[in-house]
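*Asks:* how would this look folded up:
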Amino acid sequence: MTAASSARSDAVRALSIPRDLLPGDGRFGSGPSRIRGPQMEALQSASISVMGTSHRQAPVKDVVGRVREGLSTLFSLPEGYEIALGNGGSTAFWDMAVFELIERRSQHLVLGEFSQKFATEAAGAPHLQEPEVLRSEPGSLPVTVANPEVDAYAWPHNETSTGVMVPVRRPKGTTEDQLVLVDATSVAGAASVDITQTDAYYFAPQKAFASDGGLWLSVLSPAAIARIERLAAAEDRWTPAFLSLSTALDNSRKNQTLNTPAIATLVLLAEQIEWMLAQGGLAWADARTRTTSGMLQQWAARREEITPFVADPAARSQVVTTLDVDESIDATAITSVLRAHGVVDIEPYRKLGRNQLRIATFPAVGEEDVAALIAVLDHVLDATAGS
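*Replies:* Next comes the predicted model:
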């Protein structure tokens, strides 16, 4: 860092941001994400009637039923598709898929940290063949290639670490016995999707659904369900009980989970789903996140110090915007002074290691708060431009 850059960093950190510029809610994290006030009020209301009660009894099972019914409506589920859920988050779902969704070999698109994790799990499974891995540099978009030797295609709808969105379309040339497994953890509920293009559209609730982690949910197609049941029954295929999708599906149909779930997570999730449906459902959420992320991209276009990390506009996420900051400016100084003023979690993904801002615009983030964030960033950059 040059003396001039060091001086500018010091000036940024020492800056005082006028209170009237600050957003009403300064949480812009890519997960866990902001939770709306009414969700917390609903949680308080449930503190006696639901919290601290058996998850095998009606009060908690009713909440699970609300979640499953709400998601079925939100995603306009076709005939035969089902909502399953279980303990452990998306990380657990990768392990479950290795046992009861991938039969022999999978193909993975790897474009960042989280898409790599699933590929690594498949590669380490001793009962599976080495997966086919198609890589692209972080910030760019790989493309699936039909391969008759694989029985499952896997990619993220949104790569949270880099801010790249991948189209959800079955690869051309796929056959009926090839499943499409889409990790939608950071975009489910925030972007339109044709669920018929997937066999397992899976996610966790701590991002667009404004809840806590530790839970996975998945929209399963009839083909996925058939494979789960067949592999679960195979005599030469062992699955740990906790990682059994068959068991999870059986419990889900009873509106429960194998192990005790975090009840607060379910209450917050149910409230968020119903709020989203009341606003207009997935079409509304898609329009809102396109607008708010678009505001950030437009801001970057007019600031010479800021460059979108994802070069291809068509590949840019509508929920996680990654913006490179000119090397003459220390992005950590910007995030530090904003954090001191209550504007938090816009740091880049740690392993990406870039001088960058990463800003999430999930459905709970309104246009007025994004406009205020932009005003704050303008204030910081302009106030220290001559330092």
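*Asks:* Per-residue pLDDT of the closest residue to G29 other than its chain neighbours, please?
*Replies:* Closest residue to G29 apart from its sequence neighbours, by Cβ to Cβ, 6 or more residues apart in numbering: D345 at 3.0 Å. Backbone N, C-alpha and C define where each C-beta goes, glycine included. pLDDT for D345: 98.
*Asks:* tell me which residues in stretch 167-185 are buried?
*Replies:* Buried residues in stretch 167-185, counted by 16 or more other Cβ atoms under 10 Å: V168, R170, P171, T174, Q178, L179, V180, L181, V182, D183, A184, T185.
*Asks:* what does that stretch contact?
*Replies:* Contacting residues not belonging to stretch 167-185 are listed as 31, 90, 97, 101-102, 106, 114-115, 118, 144-146, 148, 150-158, 160, 193-194, 197-204, 207, 221, 223-224, 227 [Cβ atoms under 8 Å, 6 or more residues apart in numbering].
*Asks:* So which of those sit within helices?
*Replies:* Of the positions in those, S90, A97, F114, S115, F118, A223, A224, R227 sit in helices, assigned by DSSP state H.
*Asks:* What backbone torsions are found at the closest residue to the second one other than its chain neighbours?
*Replies:* Distances taken as Cβ to Cβ, 6+ apart put L181 closest to A97, at 6.0 Å, once the chain neighbours are dropped. Dihedral angles of L181 (phi, psi; degrees, to the nearest 10) stand at phi -110, psi 110.
*Asks:* For L181, name its beta-bridge partners.
*Replies:* Per DSSP bridges, the residues bridged to L181 are A154, A200.
*Asks:* Verify the contact between the residue nearest to G29 and K207 for me.
*Replies:* No. Using Cβ atoms under 8 Å, D345 is not in contact with K207, being 12.0 Å away.
*Asks:* Can you show me the helices along the stretch 251-387 of the chain?
*Replies:* Per DSSP state H, counting those that start in this stretch, the stretch 251-387 of the chain carries helices over the ranges 263-279, 281-302, 331-340, 367-383.
*Asks:* Quick one: name whatever helix or strand follows the lowest-mean-pLDDT helix or strand in the chain.
*Replies:* Here the helix or strand of the chain ranked lowest by mean pLDDT, DSSP states H and E is helix 3-13, holding a mean of 78. Downstream of helix 3-13, the first helix or strand assigned by DSSP states H and E is helix 37-49.
*Asks:* Quick check: mean pLDDT of that next one?
*Replies:* 95.
*Asks:* which other residues reach that helix?
*Replies:* By Cβ under 8 Å, 6+ apart, helix 37-49 touches M51, P59, V63, A210, S211, I263, A264, V267, L268, E271, Q272, W275.
*Asks:* can you rerun that using 10 Å?
*Replies:* 25, 35-36, 50-53, 59-60, 63, 210-211, 263-272, 274-275, 364 (Cβ atoms under 10 Å, 6 or more residues apart in numbering).
*Asks:* and the next element down the chain from it?
*Replies:* helix 58-74.
*Asks:* which stretches of the stretch 251-387 of the chain aren't confidently modelled?
*Replies:* 386-387 (pLDDT under 70).
*Asks:* would V168 count as being in a strand?
*Replies:* No. Applying DSSP: H, G, I helix; E, B strand; the rest coil, one finds V168 to be coil, outside a strand.
*Asks:* Do you know the pLDDT at the spatially most central residue of the chain?
*Replies:* Centroid-nearest residue in the chain, with Cα atoms, centre = their mean: S186, separated by 1.0 Å. Model confidence at S186, given as pLDDT, is 95.
*Asks:* Tell me if it really is in a strand.
*Replies:* No. With three-state DSSP as the criterion, S186 is assigned coil and is not in a strand.
*Asks:* And the closest residue to it other than its chain neighbours, its phi and psi?
*Replies:* Nearest non-adjacent residue to S186, counting by Cβ to Cβ, 6+ apart: T160, 4.1 Å away. For T160, the backbone dihedrals (degrees, to the nearest 10) come out as phi -60, psi -30.
*Asks:* returning to that earlier point: now do the shared contacts for D345 and K207.
*Replies:* Common neighbours of D345 and K207 (Cβ under 10 Å, 6+ apart) are G29, S30, G31, P32, S33, A360.
*Asks:* re earlier: the residue nearest to S186 touches K351, doesn't it?
*Replies:* No. Using Cβ atoms under 10 Å, T160 makes no contact with K351, being 11.6 Å away.
*Asks:* any residues in contact with both of those two?
*Replies:* Joint contacts of T160 and K351 (Cβ under 10 Å, 6+ apart) are G112, E113.
*Asks:* related to what we said a few turns ago, the shared contacts of D345 and K207: which two are farthest apart?
*Replies:* P32 and A360 (10.2 Å; Cβ to Cβ).
*Asks:* ok, those two, which is more surrounded?
*Replies:* Between P32 and A360, counted using other Cβ atoms under 10 Å, A360 has the larger neighbour count: 28 against 16.
*Asks:* got the contact list for the more buried one?
*Replies:* Contacts of A360 by Cβ under 10 Å, 6+ apart are 27-31, 33-34, 160, 163, 186, 190, 207-208, 289, 292-293, 317, 319-321, 345-346.
*Asks:* how does it look with 7 Å?
*Replies:* Applying Cβ atoms under 7 Å, 6 or more residues apart in numbering, we find A360 in contact with F28, G29, S30, S33, V319, V320.
*Asks:* who's in contact with stretch 258-270?
*Replies:* Under Cβ under 7 Å, 6+ apart, the answer for stretch 258-270 is 35, 39, 42-43, 46, 50-51, 55, 60, 63-64, 66-67, 70, 86-87, 205, 209-212, 214-215, 242, 247-248, 251.
*Asks:* so who does A285 touch?
*Replies:* G189, A190, M276, P363.
*Asks:* got it, and T247?
*Replies:* A241, L258.
*Asks:* Near Q318, how many other residues are there?
*Replies:* 25.
*Asks:* Looks like it contacts S293 (just checking).
*Replies:* Yes. Contact criterion Cβ atoms under 7 Å: Q318 and S293 qualify, at 4.5 Å.
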